[in-house]
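In: For reference, the sequence and a predicted model appear below.
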Amino acid sequence: MEKEHLTGKVDELKGKVKQGIGKATDDPSLQGEGILDEAKGKVKQAYGDLKDAIKHTDKEAGSEVNDK
């Protein structure tokens, strides 16, 4: 698991909280910040997934080379 997974999840949750507070207080600016934070978190998590996939593929390729 990459650090991007954790920081992405934190940003996503922070964004959802901001959106909820923005809706409760009728503050569209805060809602907008929340939407951006949530999107940023999802992007970070996707980046972490990509890094994990690359590491996994690299390990598999390395073990195939070492097995020969």
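Out: Structure received. Numbers count the residues shown, from 1 in each chain.
In: Could you use CA atoms for every contact and neighbour count after this?
Out: OK.
In: Find the residue closest to the residue positioned nearest the centre of the chain in space, skipping its chain neighbours.
Out: In the chain, the centroid-proximal residue (CA atoms, centre = their mean) is residue 45; its distance is 2.2 Å. Closest residue in space to residue 45, ignoring its immediate chain neighbours: residue 5 at 4.6 Å, by CA to CA, 6 or more residues apart in numbering.
In: could you list every residue that touches that neighbour?
Out: By CA atoms under 8 Å, 6 or more residues apart in numbering, the contact set of residue 5 is 44, 45, 46, 48, 49.
In: so how far is residue 16 from the nearest residue to the third one once chain neighbours are set aside?
Out: When you say that, I think you mean residue 46. Nearest non-adjacent residue to residue 46, counting by CA to CA, 6+ apart: residue 5, 7.9 Å away. Note on residue 5: its distance to residue 16, by CA to CA, to the nearest Å, is 17 Å.
In: quick one: the helices in the chain?
Out: Counting by DSSP state H, the chain has helices at residues 3-24, 28-67.
In: Generate a markdown table for these, with mean pLDDT as supplementary columns.
Out: Formatted as a markdown table, the helices of the chain follow (pLDDT from 0 to 100):
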| stretch | mean pLDDT |
| --- | --- |
| helix 3-24 | 96 |
| helix 28-67 | 86 |
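In: which of the ones you listed is buried the deepest?
Out: helix 3-24 (a mean of 18; mean count of other CA atoms under 10 Å).
In: any idea of the angle that one forms with helix 28-67?
Out: Relative orientation of helix 3-24 and helix 28-67, computed by axes from the mean of the first three to the mean of the last three CA atoms, to 10 degrees: 160 degrees.
In: related to what we said a few turns ago, from what I see, the residue nearest to the centre of the chain and residue 9 are in contact.
Out: Yes. Assessed by CA atoms under 8 Å, residue 45 is found in contact with residue 9 at 7.0 Å.
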